[in-house]
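Engineer: The amino acid sequence is not available; the structure is as follows:
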């Protein structure tokens, strides 16, 4: 059985599951699914402008018109190789962070158990921590490939240790990611500099700064990523604020001086073949996105993630 | 079996069926349903600003947070008395009007056959014509209770006879509505005056003009409606442009000088008990509604429609 | 020859003269015109938010779809009785106020000379002063009927004597209006209280405050206006901020607690028969009007002004 | 010493303290202050759309242009009688509710100790609970005068007992308000009906429903409020969603069928003379307010609150 | 006689013909015109978001401030060499596609007959088909130079053969364009892949994909275009969605990964000298363009088209 | 004493001085300040869309969240080396240009006298003229480094000689800038071509056109700037419309075909070490910037200016 997007539906009508794929948590579907789109509408980890709780809905709405099913560059029909479901949104408690994390880990458990690769739609970047925790039950540590304008490895913000500035320090402390095989792409702004007062300093990630992206061609970025992660299983975390603020204004912490979509697409496509065990795309703030360009980009990137998985599945099945 | 709205869901998460009622065309549900929310995203009958095709989606999104299940004025839990489903959106052909009308009539047929009262979410006002046609297979003619700032009884606009300015002339010609027991509320603007060149003139509807609403108390409006329709089966058509433009800007033909929501609610509630066989609420244009007040109003009015049906069902079952 | 609005044009197409009336300064048209729509895009008299220079364009755009030609309450086809042209926009100098005033007076002179009633689209309220100056060459003083939430009779703002807070003091000083037969409707907010430091105090206008409008029925407002102006020639100045801020947000100085369109329409219509020699409608700020309700209201009010003129012309010709 | 708003500043320039009053926590000012504007930007108690954390900033920005210093209806220069400071915004912890409450209570303590009446700018409605807690150290219980479309007396929402739906149950349990002398105005929607599953039912407040406001004249509303509170010290809590959604869209839970500003102003002014010990105005969501009408209304209402205090101070000093 | 843009007009005032060129269909002007701006506000060929009917108006409005008359790169005053008129908007029937096509062909006929080069402002991309049909009466087949992210050579969408996804298949079938000398620039997304079910496959156009544009310098793109079209007469069709979605969000089908304006300008300018017989610029959706960047771009591109024509005319007259 | 930004404040709370630096004109602070942020909210020099008067406020608001204090590329903590104050906004007279210029020059005088480098936030580009006049009392002529899409060296616009198109002609005539050591970067559009009718022609600035920036690497732009200015004292004027319109739509005269932020940042950083005596950043129009990307960019660029000053101060102190 193949799950196919419903291509003949009127794009302005009906309910908006991702690409009109089956929206289900039915075990009969889980049995056959390879990957699942999972919304995690938690934004209590944000210190400035909230609203990423509406991110999953916006990504789904913008998936209805122009995406797939073919990926012309990887040259495949994604859904011929990959059974994809939309698992819906996990419940979250916006008032109790630790409880929200438990809900997320428990919500993902049935997928992890069945080796279904989760593609998580944030919410803010704090969700990466419990998602990595859920994945750790199956594979750990993971090599992190992290697109962002901020390192998100602070120890704490105003004393608070669990928020959208700290997920990867917490995950590294827990042993869920391996900094020695991890890499950050696009870091810029003042946030990269450690705070002298008590900050334990950056983690030993490799970093390709935002400024480096101005001149480094995508294929060299790809080379550095592939060399860094080697043949380790990978987690790919994509914070939309890695993009130039003018291109993706709909995030909570936009930064100038970043890449365009045409700089990012060849990097992502260059990762084809990597054993990616999980994805997130985070910090979409629909209220800050009146032209919907950030949501459109996010929906496209999720399709790129699907294509990466389909490509690997195709290759593995051909071997 | 009772179909209940899912009240405990996070309002920003998950798919948006109307009030999170069952979204289904499953015969097992149809067997038990009393009424069905039906989206009809057709806006090809519009001559100025299109976009009512996005109306059903907007109404569903704004139904998620604050509605029901209790109706404090009619003093009932709507879903204790009424089994409601969200039937989804009918397919429509935006390029071929007559085909679109056939699709609408055929789409509604399974509901009409099972005596399920349709509550139709437009789309533009042209949908009333095929909806009345579908209802006519069960009951005809109907008394029309028509809230609008325009009579929509033109013979043609620039030679075109099937559009959002003509549905009730066409329906009257077809014998689907009975002008002698029909009434229009809120008519204003210049559109009410017949065009001397070839216009066949107004239909013999009773009219309560927009200006009359400035001073006529709601209970007297209710009296006139009830007297006019008598004990005939009723179709209620609600064009959002009946409202004052400042209150409901998100329509294609807003008119100043109209009523507020607090003027309309007591009129609608005053219709409790009438044998209403079908509803539509039309001309919601989400792109013209940046503050979402029109969509919020529309979602509330749909809940009021449900309460009218629940109230009548309760009364009938008590008799 | 009758000038008629082009009713069969596509409302989204073509150039937007007011109601698609002849857009011309051609003497052949002036010879036959009774009234002229004149844009005066001057907003240098504003101290807070500028942008009323875009007002005339917005009013024209919103005149294209739903207006006239019939006025159902005054029961006439406006253009059967009145030859209306759109005279275009007067040149103004935004950097030199006195020069701008001269440009306005000279721009209006050909109309005044031919006894064509000007309907002036602001621009901010400072334009009333030069418009009254232009009219004074034909008839002076005029009885002012002034709808506004502010009296606009300050002597100066921060030392500046020619701005949108002072036009009627200047006009009274010049003898162009007669305070004893003038009346202000809707005044509210703190602005009505004279500044003890050097302010010469209010002019002897009659005032119907904004608060009074909460309970005074429109017909009594009409009575007071008619009694005040008697049979004097009238100038009607309509500042859109007289409306409740929630109803007409697109102005530079919105005030809460004002009337709705349905409160204002019967007052205006009640002025039918008065010898009105000129109109302005001012302070439309399209950038503050994302729902376009203020522009729509303004376009409708201009049509009401036309109907008042047509009605008087009809009556006079019947006598 | 009198603290005066700086009236001669350019309204688009400079920092925006409320009405450009002294922005200070300096004891020298506190010694002389009668009342203080206090921002409480906490919105973690919201379950749908966040963003009320930006409310205080928006209210301050909209206080700069048209407010005061004179109150024409109470006939006084507010700042001749009342020394007002802008105390700035209290620190809040968005991730830890109980800590946030402590911060609020501690932040208000210096004001309460000096008998400075706080006017609190939310934030969401959950702030009323800690504000009442802070006031309780000086006077308790208070008679609550509560404008809202929702009773906010739930016991819990999805198990959570401290949020914007529960403040007044918590406050009543703590003995900080006295339901027997408290009154709610504007309650409507389904929220007023108790949830049969475990809900302890409504508190013994007097309620003037939203529907009752459609016909009850403001002076009778005032009578009922005054009779209910008697001569008890009062806390006035104003949730902007009491207003009609079309008039005040910029809140998190807008409801149709509510009052306009002209219905609310005479009620508030009718409270002149009551011994009000504290105020809040909550649930302003600037991102949902593109026309800024809700922020403008909120700023005006704060000025009305100041006028009430000034009026009472004037009266007391005259006695 | 030279037709010149009116450069001294206030850009916010008056009617907005393109660059304030003569807005006329007067034969006296046609006799002298070299090229004509023609609005074709048809958007019934769109399947998702309508609104391109407002495109011509938006392009005209954004032509008023900064354009021309000099083209610094081609080093000429466009209007010294080229007589340009704004021919207004053609009538279209939004409900009857075939009739709309006839109206367009008939509307353009007077221009074609007089060898006036049309520059057509869409409307959606379906207009290219009738425009090519109109041109075919004078010259056929044409070499197509087609900027777009989609090939628009589908056979049908949901059975419908005349819409914005099919114009160039229909035109090729009619023999109006010659695929062997035609080229498409910017194609990307999944749409380029033929649908296996019955799709006749792509036409033999040369294609420079969107991905190719990431690295191919503009002069090489120009070389490939010039080689492909040789010395054949050319039709240039510019779909604004060829641009990166972040740069031109105001279209109905935006795609990520596209070029910026600085990538497109040197390509267009590189076409100087080609015998271009007609242009269109399509799919501008003003409602999706709140920052107006897409409309501004479109107005600039029309000026570039004019410069290309002026340059060729200058060159020819110099020979 | 070091003035530090308050980094621990809630970014949505409190008053918004630039980066929460001391907001003061207190001589005690002036004594120790190295540089001052100065708002100059004058926009009467604009001929199209006004609103730059709100520019300083928007820049301050967007400085609160992500900026500094570290500059990772220049490798310094800006505020360790530089004492920065926010001097507030200068008073300006929007109705009297010459008076406004005097107010600006007098407002800046205390800073110039104390050798405090002003960083001026416009307002429109006309402010550069009086700012240069103020600086001339200390150092003159200055080498101008001017980022803009327009040369702003017109002699007059419609006879008006003091506006946002003329500041550098006036400044050159006054001898305040030295064209022989001045350079303009980004000039494009038709405005660069002199008007044959009476225009005195361009000044002898070096020009790097907008088109040249398409291919010239930033380091070569830097070389040309440094060569041009040599060791002369420099004034840096940054008109936000130098940016591509799609990247910085919030200006009054956006132009397509311009640079992105990642093209501009390396140029600015390449100027490290130059003796810059004053800065302005102008033409931010917040109302045209719904995604806030232009304001965010502007706030970032001001931080870059601070870093340039800090870097030079550090270097000088190290020598």
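Structural biologist: Noted; the coordinates are in hand. All values derive from a computational prediction rather than experimental measurement. Numbers count the residues shown, from 1 in each chain, chains lettered A, B, ... in the order given.
Engineer: how far out from the middle of the chain is stretch A:243-262?
Structural biologist: Here the centre of mass of C-alpha atoms in stretch A:243-262, compared against the chain's by Cα atoms, centre = their mean, to the nearest Å, lies 16 Å away.
Engineer: Quick check: residues of chain A near chain B?
Structural biologist: Selection of chain A residues close to chain B by Cβ under 8 Å from any Cβ of the partner chain yields A:10, A:12-17, A:23, A:39, A:41, A:53-54, A:56-57, A:88-89, A:91-92. Yep, even glycine has a C-beta here, placed from its N, CA and C like the rest.
Engineer: Those in helices, which ones?
Structural biologist: Helix and strand membership here follows DSSP state H; of the residues of chain A next to chain B, those in helices are A:56-57.
Engineer: and residue A:230, how far is that from residue A:203?
Structural biologist: Residue A:230 sits 18 Å away from residue A:203, going by Cβ to Cβ, to the nearest Å.
Engineer: again with residue A:265
Structural biologist: When Cβ to Cβ is applied, the distance between residue A:265 and residue A:203 equals 28 Å.
Engineer: who's more crowded, the two?
Structural biologist: residue A:265 (23 against 19; other Cβ atoms under 10 Å in any protein chain shown).
Engineer: Just the element for the more buried one, please.
Structural biologist: Using DSSP states H and E, the secondary-structure element containing residue A:265 is helix A:261-269.
Engineer: which ones are touching residue A:246?
Structural biologist: With contact set as Cβ atoms under 8 Å, 6 or more residues apart in numbering or on different chains, residue A:246 has these partners: A:256, E:246, F:246-248, F:260-261, F:293, F:297.
Engineer: Going by neighbour count, which of those comes out on top?
Structural biologist: Within the contacts of residue A:246, residue F:248 tops the neighbour count with 33 neighbours, counted by other Cβ under 10 Å.
Engineer: In three-state terms, label the closest residue to that one other than its chain neighbours for me.
Structural biologist: With sequence-adjacent residues excluded and distances taken as Cβ to Cβ, 6 or more residues apart in numbering or on different chains, residue F:248 is closest to residue F:294, at 4.4 Å. For residue F:294, the assignment made with DSSP: H, G, I helix; E, B strand; the rest coil gives helix.
Engineer: Isn't residue F:294 up against residue F:249?
Structural biologist: Yes. Under the criterion of Cβ atoms under 8 Å, residue F:294 makes contact with residue F:249 at 6.3 Å.
Engineer: Among the two, which residue is more densely surrounded?
Structural biologist: residue F:294 (30 against 26).
Engineer: how close does the more buried one get to residue F:301?
Structural biologist: 11 Å.
Engineer: What separation do you get for the residue in the stretch 51-200 of chain A positioned nearest to chain F and residue F:242?
Structural biologist: In the stretch 51-200 of chain A, the residue found nearest to chain F is residue A:193; the distance is 3.9 Å by Cβ to the nearest Cβ. Plainly put, residue A:193 is 29 Å away from residue F:242 if you go by Cβ to Cβ.
Engineer: Looking at those two now, which is surrounded by more residues?
Structural biologist: Taking residue A:193 and residue F:242 together and counting by other Cβ under 10 Å, residue F:242 has the greater number of neighbours (25 against 17).
Engineer: how about the residue of the stretch 51-200 of chain A closest to chain F, what does it touch?
Structural biologist: Going by Cβ under 8 Å, 6+ apart, residue A:193 touches F:70, F:72.
Engineer: From residue C:161, how far off is it?
Structural biologist: With distances taken as Cβ to Cβ, residue A:193 is found 55 Å from residue C:161.
Engineer: Pipe the contacts of residue A:246 into CSV and attach pLDDT per row.
Structural biologist: Compiled in CSV, the contacts of residue A:246 are given as follows (pLDDT from 0 to 100):
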residue, pLDDT
A:256, 97
E:246, 97
F:246, 96
F:247, 95
F:248, 97
F:260, 98
F:261, 98
F:293, 97
F:297, 98
